[in-house]
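Novice: Quick check, what structure comes out for this input:
(chains A and B)
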Amino acid sequence: MKLQEGPIIVIDDDLEDLDLIEEVLKSIDVSNEIIRFENGKDSLVFLRQTQKQPFFILCDVNMPVMNGFDLREEINKDDLLRFKAIPFLFLSTSAKEAEVLKAYMLTVQGYLKKPNTFSEFQNLLKDTVAYWENCLHPNSF
Amino acid sequence: MNEGYPIYIVDDDQDDQEFVKEIFGELKIKNQLCFFNNGKDVLSHLKTLNHTPFLILCDVNIPLMDGFELRKLLLDDETLVYKSVPFIFWSNVASNAQIKKAYDLAVHGFFVKGKNYAELKTSLQNIFAYWKESKQPEI
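Specialist: Predicted coordinates for the structure are as follows:
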């Protein structure tokens, strides 16, 4: 399966946000499967056992059980997941300097701020999907 | 944010440098463009700045030190400030081994330049749009 056809993993403890992200992705004709998790730990369990090559991960920062930073750290420590090199993007309402810096120290591929309007959200995710669609990836052959 | 800071283009191909200049003009991108023919010049220029660039677009095959070596030096720099600058490879051709190596070095993207001017333009427009949206720490 080509990378671009893989599922998009969305991790957010706010169910309304999960619905919104899914709605935005569908409204811009993204046909990839969308797999949702409400905390980092559940997504980690999935990522470790799945045969699929996800297209990219959209992850909230502040979540119970396991937050986004801890999830990123676990992925970095995991040989198999590091090998899969899934683009990891934070998507958060908060983008404080210290958080953004911490994210980049964990070598993420982007830090997106949740926009205020639906159309801004559409534009953001359109740019994001286009970028990763055009991007070469070790598992895209 | 860093989005007004310069964009570094590291590429020893003069034609590609010209295309980039022209396309960024057409796209009305206001950031200063800094061109470098090799990685060594990038390193010495970075040391003179009191802020980091908006992003670095780097060819894989460049003289003196290749793109991978440059990336590794920036990633391992003891000040860590360059870790948060989007580092994007672009190349005319790319082998899977090169792409794998790039991701091992935690790059922020790997693009082919495109077969023609229009493809190059679309690709640059897309790269710029994404990083304009993505937040970066102000350093």
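Novice: Quickly list what A:Val10 is bridged to.
Specialist: Taking DSSP bridges as the rule, A:Val10 bridges to A:Arg36, A:Leu58.
Novice: my guess is it meets A:Leu18, correct?
Specialist: Yes. Under the criterion of Cβ atoms under 8 Å, A:Val10 is in contact with A:Leu18, at a separation of 6.1 Å. Where C-beta positions appear, they are placed from N, C-alpha and C, glycine not excepted.
Novice: Between those two, point out the one with more neighbours.
Specialist: Between A:Val10 and A:Leu18, counting by other Cβ atoms under 10 Å in any protein chain shown, A:Val10 is the more crowded of the two (21 against 18).
Novice: Now do the contacts for the spatially most central residue of chain B.
Specialist: Compute the mean C-alpha point of chain B, and by Cα atoms, centre = their mean the closest residue is B:Leu57, 1.3 Å away. Applying Cβ atoms under 8 Å, 6 or more residues apart in numbering or on different chains to B:Leu57 gives the contacts B:7-11, B:20, B:88, B:90, B:127.
Novice: can you do 6 Å?
Specialist: By Cβ atoms under 6 Å, 6 or more residues apart in numbering or on different chains, the residues touching B:Leu57 are B:9, B:88, B:90.
Novice: Work out for me the element the second one sits within.
Specialist: When secondary structure is defined by DSSP states H and E, B:Ile88 falls within strand B:87-91.
Novice: Same question for B:Phe35.
Specialist: strand B:33-36.
Novice: Which secondary structure elements does that strand sit against?
Specialist: For strand B:33-36, the elements it packs on are strand B:7-10, judged by 3 or more Cβ pairs under 6 Å, 6 or more residues apart in numbering or on different chains; DSSP states H and E.
Novice: Could you tell me which strands sit next to the strand it packs on in the sheet, and their orientation?
Specialist: With DSSP bridges as the test, strand B:7-10 pairs up with strand B:33-36 (parallel), strand B:55-59 (parallel).
Novice: Mind putting those into JSON lines with mean pLDDT and distance to B:Ser44?
Specialist: As requested, these are exported to JSON lines (pLDDT from 0 to 100; distance: least, Cβ to Cβ, whole Å):
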{"stretch": "strand B:33-36", "mean pLDDT": "95", "distance to B:Ser44": "10"}
{"stretch": "strand B:55-59", "mean pLDDT": "95", "distance to B:Ser44": "14"}
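Novice: Can you say which of the ones you listed is packed in most?
Specialist: Using mean count of other Cβ atoms under 10 Å in any protein chain shown, the stretch among the strands paired with strand B:7-10 with the largest mean neighbour count is strand B:55-59, at a mean of 25.
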